[in-house]
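Student: Quick one, structure for this:
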Amino acid sequence: MKLLDTEIAPLGMGCWPIGGPMFSGAEPLGYTNADDGESIRAIHAALSAGIALFDTAAVYGAGHAERLLARALKGRPEALVATKIGIAIDEEKRQLLGEETDPRAVLPAIDRCLARLERDRIDVLFLHLNDLSVPQVEPLFEAMERAWGMGKVCAYGWSTDLSASVRAVADRPGFMAVQHAMNIFIDAPGMQATVQEKGLHAFIRSPLGMGLLTGKYDAASVMPAGDIRATANTVTGYFRNARPNPLFLAQLDAVRDLLTSGGRTPAQGALAWLWAKSDRNVPIPGARTVAQIEGLAGALAFGPLPADVMAEIERVLARQPEEERPR
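Tutor: You can find the predicted model right below:
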């Protein structure tokens, strides 16, 4: 697919897991077991496997993921980097300090990202505030548009699951992408229709349901203390009380054979499902090890799921009501 006039594979590497610990007060919001050396090797393995897009955010590890990307991507001009702003951080204390909704904070936040990434421009900049109203985001996008005009960003967009809000701002110059949650557990037909209508790219977050669609977890699995999946955070509906959500485990069992058709792994099948949904979808699964990213990159050789498999998944899969889904 073509992104910013560059042909890339329709798959990115999500960098939340490599950020390591981060907190809001005492609440952990990062993933455990991140190792900087292995993270850099994973980024290099992604590049070797044909993955050129890396999705990060100022908040991931409170700036640490951006700094790791800078180290790993030195001398790799083919790599595209997307990052996100809108939440203040304290790098030294690894703390998230709350939403930044003052448009005057946008340009300084971009400059801090550029400094951490050691780049002179950001390929795609997302606003990292899901639920803001359109009147609230308009001044923020005006500031991002100024940054676009200055050449600090090549394009910008919004990380949100609210399709009506995206429709209201998508015609802005420089607005080219939306980042939204979607996987076989939580389809997003409204947002997908908006992406198609407005000619956007969809960066798909949570394509593997925070790891649940890898198939490596079962009812006995327990997430370690300090991992966001062991908390009651609203984005972790895939897990309950540090254990996989039984509803989603049952759904995975119902479609496992379909996802693994043709020799795919469950994770590869989950990515293939997204590609079959739209050629505008770019899944950005998180990874922190070489083995993880190489396994995910293996999905590229298979391509989208066939139409008959897609139809059978829809026939057998009972999804949650939309209002109960994790975002």
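Student: Can you list the residue ranges for helices in the stretch 201-327 of the chain?
Tutor: Taking DSSP state H, counting those that start in this stretch, the helices of the stretch 201-327 of the chain run over residues 246-259, 266-277, 290-297, 307-316.
Student: show me what contacts the nearest residue to Val255 once chain neighbours are set aside?
Tutor: Residue nearest to Val255 in three dimensions, not counting chain neighbours: Ile313, with 5.2 Å by C-beta to C-beta, 6 or more residues apart in numbering. Every C-beta, even on glycine, is put in place using the N, C-alpha and C of the backbone. Neighbouring residues of Ile313 by C-beta atoms under 8 Å, 6 or more residues apart in numbering: 184, 255, 258-259, 273, 305.
Student: Lys84 sits in which helix or strand?
Tutor: Assigned by DSSP states H and E, Lys84 belongs to strand 80-85.
Student: who touches that strand?
Tutor: 3-4, 6, 8, 12, 52-59, 66, 69, 73, 100, 106, 109-110, 113, 117, 119, 122-128, 159, 177, 179, 203.
Student: Name only those of the residues you listed that count as buried.
Tutor: Using 16 or more other C-beta atoms under 10 Å as the burial test, the contacts of strand 80-85 include 3, 8, 12, 52-59, 66, 69, 73, 100, 106, 109-110, 113, 117, 119, 122-128, 159, 177, 179, 203 as buried.
Student: Which of the residues you listed fall within helices?
Tutor: If you go by DSSP state H, these have 66, 69, 106, 109-110, 113, 117 in helices.
Student: From Pro283, how far off is the residue nearest to the spatial centre of the chain?
Tutor: Nearest to the geometric centre of the chain sits Arg205, at 3.2 Å (C-alpha atoms, centre = their mean). Going from Arg205 to Pro283 by C-beta to C-beta, to the nearest Å gives 9 Å.
Student: okay if I get the helices of the stretch 201-327 of the chain as JSON lines plus mean pLDDT and distance to Gln136?
Tutor: Listed next are the helices of the stretch 201-327 of the chain as JSON lines, based on pLDDT from 0 to 100; distance: least, C-beta to C-beta, whole Å:
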{"stretch": "helix 246-259", "mean pLDDT": "96", "distance to Gln136": "32"}
{"stretch": "helix 266-277", "mean pLDDT": "98", "distance to Gln136": "30"}
{"stretch": "helix 290-297", "mean pLDDT": "98", "distance to Gln136": "35"}
{"stretch": "helix 307-316", "mean pLDDT": "97", "distance to Gln136": "36"}
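Student: Please identify which of these is closest to Gly37.
Tutor: Smallest distance to Gly37 across the helices of the stretch 201-327 of the chain (C-beta to C-beta): 10.7 Å, for helix 290-297.
Student: now for the closest one, which elements pack on it?
Tutor: Judged by 3 or more C-beta pairs under 8 Å, 6 or more residues apart in numbering; DSSP states H and E, the packing partners of helix 290-297 are helix 36-48, helix 266-277.
Student: Give me the buried positions along that helix.
Tutor: For helix 290-297, burial by neighbour count (16+ other C-beta under 10 Å) applies to 290, 292-297.
Student: Now do the biggest helix by length in the chain against strand 80-85, angle only.
Tutor: The helix that spans the most residues within the chain, counting by DSSP H, is helix 134-149. On the basis of axes from the mean of the first three to the mean of the last three C-alpha atoms, to 10 degrees, helix 134-149 is oriented at 140 degrees to strand 80-85.
Student: Please point out which parts of helix 134-149 sit buried.
Tutor: For helix 134-149, a neighbour-count test (16+ other C-beta under 10 Å) marks 137, 140-141, 143-148 as buried.
Student: mean confidence score for that helix?
Tutor: The pLDDT scores in helix 134-149 average 98.
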